[in-house]
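Q: this one's structure only:
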């Protein structure tokens, strides 16, 4: 059953103008205090600062704009079988083995790495160009176990999830916020930041930070894809990923692989982990496995691939934590030519 917008046409125009004024005029860009690369696993060092309080207000305004101005239609509809598989995932320590060959990779047809990376860069750049921000419902389940596999902590919770992409001359600036739908947010929610922007390592100006190679073609969920391996170069800065702690920030080097759609260059799936542990903050291993799904605009020929599920694994030495994320009910804002917030578009399910 379609939702009805609770705003009249005039009310919508007013809300849209108000949101645009708040986000583009009243709050300067630095007020968002965004991450220039993903920062994980720590309370924010500015948690008591007025700047972060203002940043939280900005995120709240963005959430209000998304919810109040949207005549929302659910997107990313999935089959009941796919939904059950996601819901019934077992919280077990089973990170991707990044050094293990993937079965079914074929060397025919031959892979043109330069062409694959150029297409991936084009699609990733288009995502940034077409996307102002998005909101979603996020479900998080987690379990922490010790070395004897005894459960030390476990739980699940739902969040209103807000991601704001901002323009920067050198690289995108991404801010993400979570608001618990009920009760007090779990500390685990702050451990998994940076999920939307990991894919940005395929942007043209970030690709040179990595050694990349194409292993060949295979299928991801029945769709032909190129398997591209990547690893942080020792002679290049690590600009993609890092950890923020009360005592400072630590950049991290990544290695991993991505399934790049053969026909479009979209990233269908990505697995990555730390090239080296960071003993100073007791993170010895960390892995991400992210599956993407298309989110489409009905009234425009635009389809954006966003995280649909993400599995995160941390090894702290004496404790290991598994975190599963599932995203649904996206609301998207596009960016028009004069960089103002555009009216949220009706969303179509994948394959329509």
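A: All right, it came through fine. What you see is a predicted model; the values in this text were computed from it and never measured.

Q: Next up, the contacts around the closest residue to residue 89 other than its chain neighbours.
A: Nearest residue to residue 89, sequence neighbours excluded (CB to CB, 6 or more residues apart in numbering): residue 324, at 5.6 Å. Where C-beta positions appear, they are placed from N, C-alpha and C, glycine not excepted. With contact taken as CB atoms under 8 Å, 6 or more residues apart in numbering, residue 324 is in contact with 89, 91, 140-142, 309-312.

Q: Minimum pLDDT in the residues you listed, which residue is that?
A: Of all these, residue 89 carries the smallest pLDDT score, 72.

Q: Just the buried ones among the contacts of residue 324, please.
A: Buried members of those, scored by 16 or more other CB atoms under 10 Å, are 91, 140-142, 309-312.

Q: Tally up the residues packed near residue 277, please.
A: Residue 277: 16 surrounding residues under other CB atoms under 10 Å.

Q: Contact partners for the closest residue to it other than its chain neighbours?
A: Excluding the flanking residues, the one nearest residue 277 by CB to CB, 6+ apart is residue 284, at 4.1 Å. Taking CB under 8 Å, 6+ apart as the criterion, residue 284 is in contact with 277-278, 315-317.

Q: circling back to that earlier point, looking at the buried ones among the contacts of residue 324, which are in strands?
A: Residues from the buried ones among the contacts of residue 324 lying in strands, with DSSP state E as the criterion: 140-142, 309-312.

Q: hmm, which two among those residues are most spread apart?
A: The largest separation in these, counting by CB to CB, is between 142 and 309 at 14.1 Å.

Q: After the helix or strand containing residue 176, heading C-terminal, what element do we hit next?
A: Element membership for residue 176, per DSSP states H and E: strand 173-180. Next helix or strand after strand 173-180 toward the C-terminus (DSSP H and E): strand 210-220.

Q: Which secondary structure elements does that following strand sit against?
A: Judged by 3 or more CB pairs under 8 Å, 6 or more residues apart in numbering; DSSP states H and E, strand 210-220 is in contact with helix 113-130, strand 223-232, strand 254-261.

Q: Least reliable of the ones you listed by average pLDDT, please.
A: With a mean of 92, helix 113-130 has the lowest mean pLDDT of the helices and strands packed on strand 210-220.

Q: Which strands or helices does that one pack on?
A: Under the contact criterion of 3+ CB pairs under 8 Å, 6+ apart, helix 113-130 touches strand 210-220, strand 223-232, strand 254-261, strand 267-274, strand 303-315.

Q: quick check: angle from whichever helix or strand comes after the fourth one to strand 267-274?
A: For strand 267-274, the following helix or strand on the C-terminal side (DSSP H and E) is strand 285-297. For the pair strand 285-297 and strand 267-274, the angle between their directions (axes from the mean of the first three to the mean of the last three CA atoms, to 10 degrees) equals 160 degrees.

Q: still on that earlier bit, tabulate the ones in strands among the buried ones among the contacts of residue 324 (a markdown table), appending distance to residue 271.
A: A markdown table is the format used below for those (distance: CB to CB, whole Å):
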| residue | distance to residue 271 |
| --- | --- |
| 140 | 20 |
| 141 | 19 |
| 142 | 19 |
| 309 | 13 |
| 310 | 11 |
| 311 | 9 |
| 312 | 11 |
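
Q: From those, pick the one nearest residue 263.
A: For these, the closest approach to residue 263 (CB to CB) belongs to residue 309, at 22.5 Å.

Q: I figured the closest one hits residue 291, correct?
A: Yes. Judged on CB atoms under 8 Å, residue 309 makes contact with residue 291 at a distance of 4.9 Å.

Q: about what we covered before: taking the mean pLDDT, what do you get for the strand holding residue 176?
A: Averaged across strand 173-180, the pLDDT comes to 86.

Q: Tell me the buried residues in that strand?
A: By 16+ other CB under 10 Å, the buried positions in strand 173-180 come out as 173-178.

Q: same deal with stretch 118-125?
A: 119-121, 123-125.

Q: for the chain, what are the low-confidence residue spans?
A: Where the chain drops to pLDDT under 70, the residues are 1-88, 132, 167-172, 190, 297-301, 333-352.

Q: quick revisit: between the helices and strands packed on helix 113-130, which gets nearest to residue 196?
A: Residue 196 lies closest to strand 303-315 among the helices and strands packed on helix 113-130, at 6.1 Å (CB to CB).

Q: I'd like to check the angle between the next helix or strand after the closest one and strand 303-315, please.
A: Sequence-wise, the next helix or strand downstream of strand 303-315 (DSSP H and E) is strand 319-333. Per the same axes, to 10 degrees, the angle that strand 319-333 makes with strand 303-315 is 170 degrees.

Q: relative to helix 113-130, how tilted is strand 319-333?
A: Strand 319-333 and helix 113-130 are oriented at 60 degrees to each other (the same axes, to 10 degrees).

Q: What strands line up against strand 319-333, and which way round?
A: strand 133-146 (antiparallel), strand 303-315 (antiparallel) (DSSP bridges).
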